[in-house]
Each structure stands twice: as C-alpha cells, then as structure tokens.
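A.B. asks: coords below, sequence missing:
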C-alpha cells in the first residue's frame with residue numbers, strides 16, 4: 001500500500017508511515033502549494049491513497065467525478081499529528097484492506113467508507 005499525504009496533514013504523519021515501511025509521498029516535500037486537482041491526479045497516477053484534512057477532495061470526487069485510488073479524510077476534534085497518527089495506526093491495523101478506491105471519513109468515534 002502506498003500513501004500520498006496532503007500538505008494539510010502534519011508532517012509527523014509522513015514520518016509515522018515511513019517508519020512503518022510504507023512508500024509515502026509528501027506534498028509538502030515534493031510539490032507544496034499545488035492545486036487539489038493535481039494532488040488527486042498524482043495520487044491516482046501513482047496508485048496512492050490520499051490522506052488529507054481538506055473537505056474539498058469530496059467535492060472533486062463526488063461532484064466533479066474525478067478518479068481516485070482511495071482517500072482518508074480526517075475530521076478530528078484535535079487536529080494534531082499525535083491524534084492523527086494514533087487514529088491512523090488503528091485504521092491500518094483494522095481496515096487497511098478497505099482503503100483502496102474508497103472515500104474514508106475518520107472521526108474519533110466513527111469510520112465511514114464510501115465508494
């Protein structure tokens with residue numbers, strides 16, 4: 001499984017994924033300030049699951065019907081790297097097989113999967 005971490009997500013998430021051995025592309029490192037459509041196209045072309053805080057990706061996927069390989073959208077009360085890495089670890093351990101080609105919305109209490 002490969003990931004693309006949007007620049008809206010703390011860099012500690014990039015380090016966390018890399019420490020677990022995942023191929024992880026960081027927008028903040030590679031292409032800061034690029035358009036969301038381009039972020040989504042990189043993730044699609046490289047078969048990466050996008051991790052973001054940005055709700056605009058929902059609009060790109062559901063309204064504009066842009067293709068994707070999977071999106072994890074964090075909607076946490078505590079928007080910090082520690083809370084995201086802790087929640088991401090739980091998700092990977094329990095649901096990683098469900099990530100591809102799904103739009104996953106993650107809160108502290110719930111995980112929703114949409115096609």
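C.D. replies: Now that the structure is in, tell me what you want to look at. Small disclaimer: the values here were computed from a predicted structure and weren't measured. Numbers count the residues shown, from 1 in each chain.
A.B. asks: which residues in the protein form strands?
C.D. replies: Applying DSSP state E to the chain gives strands spanning 2-5, 23-26, 49-52, 71-74, 103-106, 111-114.
A.B. asks: per-residue pLDDT, the residue nearest the centre of the chain?
C.D. replies: Centroid-nearest residue in the chain: residue 51, 1.0 Å away (criterion: Cα atoms, centre = their mean). Here, the pLDDT recorded for residue 51 equals 98.
A.B. asks: who touches it in this structure?
C.D. replies: By Cβ atoms under 8 Å, 6 or more residues apart in numbering, the contact set of residue 51 is 3-6, 9, 13, 71-72, 74, 88. (C-beta placed from N, C-alpha, C; glycine too.)
A.B. asks: same thing but 10 Å
C.D. replies: 3-6, 8-9, 13-14, 17, 24, 43, 70-74, 84, 88, 99, 104, 106 (Cβ atoms under 10 Å, 6 or more residues apart in numbering).
A.B. asks: next: residue 76.
C.D. replies: Counting by Cβ under 10 Å, 6+ apart, residue 76 has contacts 53, 83-84, 86-87, 106-108.
A.B. asks: rerun at 6 Å
C.D. replies: By Cβ atoms under 6 Å, 6 or more residues apart in numbering, the contact set of residue 76 is 83, 108.
A.B. asks: now do it against residue 55, distance only.
C.D. replies: Distance from residue 76 to residue 55, counting by Cβ to Cβ, to the nearest Å: 13 Å.
A.B. asks: who touches both of those two?
C.D. replies: Common neighbours of residue 76 and residue 55, counting by Cβ under 6 Å, 6+ apart, are absent.
A.B. asks: okay, and the beta partners of the closest residue to residue 62 other than its chain neighbours?
C.D. replies: Closest residue to residue 62 apart from its sequence neighbours, by Cβ to Cβ, 6 or more residues apart in numbering: residue 103 at 7.8 Å. Residue 103 has these beta-bridge partners by DSSP bridges: residue 71, residue 114.
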